[in-house]
Structures are given as C-alpha cells and as structure tokens.
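Q: Output the structure for:
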Amino acid sequence: MRTYMRLAVVTIILIMTGYSCKHRDSQEIIACGDDKVLIIDLDNSTGENVKVVWEWTVGDAADLSSGMKKLMVPTDDCKPVDGGKKILVTSSGGGVVLIDRQTKKILFSAKVPMAHSAEYLPGGLIAVALSTHEDGNSLELYDIKKSDIVLFRDSLYSGHGVVWIPAIQRLFALGFNELREYSLVSDDIGSPGLQLMREWRTPDDGGHDLTAVSASELLVTTSKSVWRFDIGKEKFTAFEMLEDGADIKSVNLNPATGQLIYTKAEISWWTHHIYCLNPDKVITIPDIDLYKVRTFNR
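A: Below is the predicted model of the structure:
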C-alpha cells in the first residue's frame, strides 16, 4: 500500500510541475517522384523499412482530368502548406495542384509549363516558379478561387525555387543565377500582384532549389554547391554541412535540432534515397524515382 501511495504522490508532483510521459509526435517528411507523393514517418523508418502514413497517386485522383493527369507526371516538388493541412505539388510536365490532405480533394489545379516549385501565400494565392513559357521564363501568381487564370507574371530566367516567409511577409524566388525578393501588393482595383524589392546574383549558376531555415536565412542550392543566404546582411556563405553540393536536389535544415534532410541525383536526375544527418540515416524507396524531399517544420 505504501508503494502505491508513493507512486501516486510522485505522479501528482510530475503533473503539477509540468512533467509528463507524453510521447513526442513522430517527425514527418514528404517526398515525391514518378506519379506519387508520400508522407513518411521518419522516426519509424529505417533503410527499406519505410513507414508511409499518407500517399497520393496522380492516376487515382478522381477530380483531375486525363489531360491534367498527364501533365502531373513526374511529380517534381511537394510542400506541406497551411500548417500541413494542404499539399502543394508541382510537375515539370506542366501542372500544379493543391490537395486537401484529409480528403485528398483537389482544391486547385493549373496548367503551368515546366513548373518547378510553388508556394502558398496569404489569401489563397499560389506563386509558381517555372523555367519555360511562350513569353519567356516566368514567376507567376494564381488565386485558388480563379482556377488557372494568371494574375501576375514577372520574368525569372529558369525559375526553380520559390519560398514565402510569413514572419517578414516576403516571397523569395530562385532562378538560374539570381535570387529575388518580392512583397505581396494589390493594384488600384484590389487585384493581387508581386513587387520586386531586391535581387542578388548567386555565387554559382544553375539554381536548383530554395528552402527557408528561419525568417532571416535561406538555403540556396545550385548545380555545384549549397549556400547559406543571410537576408539581412545580403550575404552568401558556403554551407559547411554539405561540402560537395553537386547534384543536390533538395536541402532541408531544422535549426532547432540541427538535423539535415536532403536528396541528391544518382540515376540521371533521380534517386531512390533520402539522406539524413544529425543523426545519420538513409531511407531507401527502390520502386519510386524520387526527386524532392521536404520537412514539415519549414
């Protein structure tokens, strides 16, 4: 009886002092390639033993036309947006879709030639970086309520990355050899657009990917290297965690844990592996040609 009493007292003390045995939520990552998008439980995946907790396949999307399905293969980029409630998917085949994670319903779709990356902005706006357009290479802006009507277009040579940073209300876009900063604006009749604020020449040509580390720092991936970009100081420095950045396709860094998650090309442009550092881990998905991987803590 005394033992049970002691346990009860200890439990009460732990609860009152804020300590509990609550299990930490497993870290999720999202990866895409071929005709699939996968959300993976990273903590419970090792080697080829991959725990997939969510999967979307282009061919199974009942609310996509056959023509749009053709444009969505291969899936090049996938991002959790709106707090992870929605999934934004782009394809260099020529399409962009926004998916409700719970229902898998298509909330938005647009035909966008050679779309390499997209981002979800306030007010249901979507910015897309693309590398080919009949009027030249472009950065485009859409409204999910207005289907594939282009609200705004700006020239961006070979657009491959676009990131919105809510804390500073700025959009950053990566082209072949330049990084641009935009603010979200409206014209006299309230139509949304983007205003170019600043632009910088990247240290290497061949922009591949763009991710945010924090409200003040970006990771810029080129065909040769990975760079940190300090937004306030407007300065590029080499990213020490990946000394050889050649063929890196996506880089995600969690500043709170120091964990790095990335993909690199191993079969032409593709790979079957997702690499993690701090701690080290490699996840293998042999039946899908992967391209990008993203974390949910962006």
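
Q: looking at this protein, which helix or strand is least sure?
A: Using mean pLDDT, DSSP states H and E, the weakest-scoring helix or strand in the chain turns out to be helix 2-16, at a mean of 37.

Q: Run through the residues that contact the most centrally placed residue in the chain.
A: Closest to where the C-alpha atoms of the chain average out (Cα atoms, centre = their mean) is Lys79, at 3.8 Å. Contacts of Lys79 were listed using Cβ atoms under 8 Å, 6 or more residues apart in numbering, and they are Ile30, Ile87, Leu88, Val89, Ala118, Glu119, Tyr120, Arg294, Arg298. All C-beta spots, glycine's among them, are computed from the backbone N, C-alpha and C.

Q: same thing but 10 Å
A: 30, 32, 86-90, 98, 117-120, 162-163, 211, 292, 294-296, 298 (Cβ atoms under 10 Å, 6 or more residues apart in numbering).

Q: same check, this time on Ile248
A: 208-209, 219, 221-226, 239, 242, 262-265, 275.

Q: Out of these, which comes closest to Leu125?
A: Comparing the contacts of Ile248 against Leu125 with Cβ to Cβ places Asp209 closest, at 21.6 Å.

Q: who does the closest one bridge with?
A: Thr221 (DSSP bridges).

Q: Met72 contacts Asp35, correct?
A: Yes: in this structure, Met72 is within contact of Asp35 by Cβ atoms under 10 Å, at 7.4 Å.

Q: Show me which parts of stretch 138-151 are buried, residue by residue.
A: Ser138, Leu139, Glu140, Leu141, Tyr142, Asp143, Ile144, Leu151 (16 or more other Cβ atoms under 10 Å).

Q: Now do the SS call for the fifth one.
A: The three-state label for Tyr142, taken from DSSP: H, G, I helix; E, B strand; the rest coil, comes out as strand.

Q: That one is in contact with Ala127, isn't it?
A: Yes: counting by Cβ under 10 Å, Tyr142 does reach Ala127; the two are 7.9 Å apart.
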